[in-house]
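> got a sequence here, can you model it:
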Amino acid sequence: MKARRASRSVRTRIARDQRTRARRSEAGFDPLQTVIKTCPGYNLGKAYKKVTRLFEEEFRSSDLTLPQFAVLVNTGLTESATASEIAERLGSDLSTISRTMELLVRRGLVEQSRAQDRRVRVYRLTPSGRAAVDGTLPKWRNAKQRVLEDVDPVAWKTTLHTLRQLAG
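Numbers count the residues shown, from 1 in each chain. Model prediction:
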């Protein structure tokens, strides 16, 4: 008896919630749809996952992962860079960059030295690192083309500007 009352109470609540959602939807207001349609976090996260999957597919046959490629590109932007500078450019945390750098140093793609402040490590691309980036650029270009093939170029330019603003 008590269990039937509880299940009836649950069914009543569910039915009431459905009626409320239907009324809001008919009135043009559904807070759940509003979240999905307007939330930057939701929409950027969904786009990030889709784009990342596509890039990872493209990079699958490469010697580099997408994060390694990003670290190498950001290392090669200047003559040398610290892990902190690279982490800031990528919007990543220092520990992730340091772990990736250790691997890239072991593979001979990055050279590590000490700055004047002996506590700071400075990284440079090696000739092998530059060759790895150059060899992966066609995969990057292909992935970029696939991502943007159905996107209006003017809209992409505006979106890219907005993304850079959001990234700070």
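> how close does residue 18 sit to residue 31?
14 Å (CB to CB, to the nearest Å). Quick note: C-beta positions are derived from backbone N, CA and C, even for glycine.
> secondary structure element for the nearest residue to residue 115 once chain neighbours are set aside?
The shortest distance from residue 115 to any residue that is not its chain neighbour, by CB to CB, 6 or more residues apart in numbering, is 5.0 Å, and that residue is residue 122. Element membership for residue 122, per DSSP states H and E: strand 121-125.
> ok, that strand: who's next to it in the sheet?
Under the criterion DSSP bridges, strand 121-125 sits next to strand 81-82 (antiparallel), strand 110-114 (antiparallel) in its sheet.
> what is the mean pLDDT for the first one?
In other words, strand 81-82. In this model, strand 81-82 has a mean pLDDT of 93.
> export stretch 122-134 to CSV, keeping only CA atoms.
As requested, the backbone C-alpha atoms of stretch 122-134 are provided in CSV (Å, rounded to 0.1, in the frame of the first residue of the first chain):
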residue,chain,number,x,y,z
VAL,A,122,64.0,26.6,-21.6
TYR,A,123,62.8,24.6,-24.6
ARG,A,124,63.7,24.7,-28.3
LEU,A,125,62.6,22.7,-31.3
THR,A,126,65.4,20.4,-32.6
PRO,A,127,65.7,19.8,-36.3
SER,A,128,63.8,16.5,-35.8
GLY,A,129,61.1,18.5,-34.0
ARG,A,130,60.8,20.9,-36.8
ALA,A,131,60.6,18.0,-39.3
ALA,A,132,57.9,16.4,-37.2
VAL,A,133,55.8,19.6,-37.2
ASP,A,134,56.4,20.1,-41.0
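> which residues does that stretch contact?
Contact partners of stretch 122-134, identified using CB atoms under 8 Å, 6 or more residues apart in numbering, comprise 63-64, 69, 72-73, 75-76, 79-83, 86, 101, 104-105, 107-115.
> now restrict these to buried residues only.
In terms of neighbour count (16 or more other CB atoms under 10 Å), the buried residues within these are 64, 69, 72-73, 75-76, 81-83, 86, 101, 104-105, 109-111.
> identify the farthest-apart pair in these.
Checking the buried ones among the contacts of stretch 122-134 against each other with CB to CB, the farthest-apart pair comes out as 64 and 82, at 21.2 Å.
> helix or strand: which one has the most centrally placed residue in the chain?
Against the mean C-alpha coordinate of the chain, by CA atoms, centre = their mean, the closest residue is residue 48 at 5.0 Å. When secondary structure is defined using DSSP H and E, the element that contains residue 48 is helix 40-59.
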